[in-house]
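> Sequence first, then the predicted structure, then my questions.
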Amino acid sequence: MKNHEYMTAEIREHLEATQTLTETVFLDKIEQAAAMIIDTINNGKKLLLFGNGGSASDAQHIAAEFTGRYVRERRGLPAIALTTDTSALTAIGNDYGFAAVFARQVEALAQEGDLVIGISTSGNSENVVAGLFEAKNRGCRLIGLSGADGGMVSVICDVTLNVNSKVTARVQEMHILVGHLLCSATDRMFAPADKP
Ligand SMILES: O=C(CO)[C@@H](O)[C@H](O)[C@H](O)[C@H](O)COP(=O)(O)O
Ligand SMILES: [Zn+2]
């Protein structure tokens with residue numbers, strides 16, 4: 001008999017977390033966030049995304065769904081992850097400190113009316129919080145994907161999609177599901193109805 005206990009426990013934890021996403025309050029927030037994304041793109045503005053570790057991957061993954069494709073055929077949509085340019089990340093980190101790696105790129109790239117998505121499972125990573133503050137100062141709108149009690153991310157952002165768990169892995173698993181739901185809402189708006 002193999003020891004499957006830890007796996008079934010984690011899968012159960014995942015399913016419980018997923019269940020909380022189906023609550024009306026959460027779905028309403030996803031709709032609100034999706035409306036902000038659609039509005040931003042319709043205004044000719046862009047999305048900027050960032051986070052650390054697994055959340056950096058989420059930022060890139062979600063940005064790629066916009067510029068490339070999620071499910072439906074539609075035009076490419078403007079989204080940039082600020083986690084991919086190792087030259088910028090190392091130069092800014094080395095010269096100004098790691099806390100500045102997103103804020104400095106936001107300063108350089110964000111324009112008023114852009115939408116910034118900050119992802120942090122603790123809700124408190126210094127560089128994510130600093131990036132969001134810089135974006136707010138530049139007149140961007142902010143969406144937070146957070147975990148635990150939402151931390152500073154939930155204080156700063158216009159809409160925060162918070163997964164109420166302290167387990168980083170579970171929060172990340174929910175964040176990518178939320179990211180896909182946002183992509184799905186965007187697809188429906190920008191892809192002709194007669195396409196799959
Ligand atoms: O993927 C994982 C753990 O599943 C890690 O890489 C994790 O993302 C890193 O520890 C991050 O630095 C955590 O930062 P945050 O989500 O609290 O902002
Ligand atoms: Zn991970």
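Now that the structure is in, tell me what you want to look at. Ligands and ions are numbered 1, 2, ... in the order given.

> What ranges does this protein have for its strands?
With DSSP state E as the criterion, the chain has strands at 47-51, 79-81, 115-120, 141-147, 159-163.

> partners of the shortest one, with directions?
Looking back up the chat, that one is strand 79-81. When pairing is defined by DSSP bridges, strand 79-81 lines up against strand 47-51 (parallel).

> quick one: contacts of the longest helix along the chain?
In the chain, ranked by residue count with DSSP state H as the criterion, the top helix is helix 168-190. Counting by CB atoms under 8 Å, 6 or more residues apart in numbering, the neighbours of helix 168-190 from elsewhere in the structure are 10, 13-14, 17-18, 21, 30-31, 33-34, 37-38, 41, 54-55, 58, 61-62, 65-66, 70-72, 74-75, 77, 119, 121-122, 145-148, 161, 163, 165. For the C-beta atoms, the positions are set from N, CA and C on the backbone; glycine is no exception.

> These in helices, which ones?
10, 13-14, 17-18, 21, 30-31, 33-34, 37-38, 41, 54-55, 58, 61-62, 65-66.

> near ligand 1 too, which of those residues?
For ligand 1, the contacts drawn from the ones in helices among the contacts of helix 168-190 by CB under 6 Å from any ligand atom are Gly54, Ser55.

> So which bits of the longest helix of the chain are buried?
Along helix 168-190, these residues count as buried under the neighbour rule (16 or more other CB atoms under 10 Å): 170-176, 178-179, 181-183, 185-187, 190.

> about what we covered before: drop anything exposed from the contacts of helix 168-190.
14, 17, 21, 30, 33-34, 37-38, 41, 54-55, 58, 61-62, 65-66, 70, 72, 74, 77, 119, 121-122, 145-148, 161, 163, 165.

> what residue ranges in the chain score low on pLDDT?
1, 192-196 (pLDDT under 70).

> still on that earlier bit, okay, the longest helix of the chain in CSV with CA atoms only?
Taking C-alpha atoms only, helix 168-190 is exported to CSV below (Å, rounded to 0.1, in the frame of the first residue of the first chain):
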residue,chain,number,x,y,z
THR,A,168,1.3,29.3,-1.0
ALA,A,169,0.8,26.4,-3.4
ARG,A,170,-3.0,26.4,-3.0
VAL,A,171,-3.2,30.1,-3.5
GLN,A,172,-1.1,29.9,-6.6
GLU,A,173,-3.3,27.1,-8.0
MET,A,174,-6.3,29.4,-7.5
HIS,A,175,-4.6,32.4,-9.0
ILE,A,176,-4.0,30.6,-12.3
LEU,A,177,-7.6,29.5,-12.4
VAL,A,178,-8.6,33.1,-11.7
GLY,A,179,-6.2,34.2,-14.5
HIS,A,180,-7.8,31.8,-16.9
LEU,A,181,-11.3,33.0,-16.0
LEU,A,182,-10.2,36.6,-16.7
CYS,A,183,-8.8,35.4,-20.1
SER,A,184,-12.1,33.7,-20.8
ALA,A,185,-14.1,36.8,-20.1
THR,A,186,-11.8,38.8,-22.3
ASP,A,187,-12.0,36.2,-25.1
ARG,A,188,-15.8,36.5,-25.1
MET,A,189,-15.6,40.2,-25.6
PHE,A,190,-12.9,40.3,-28.3
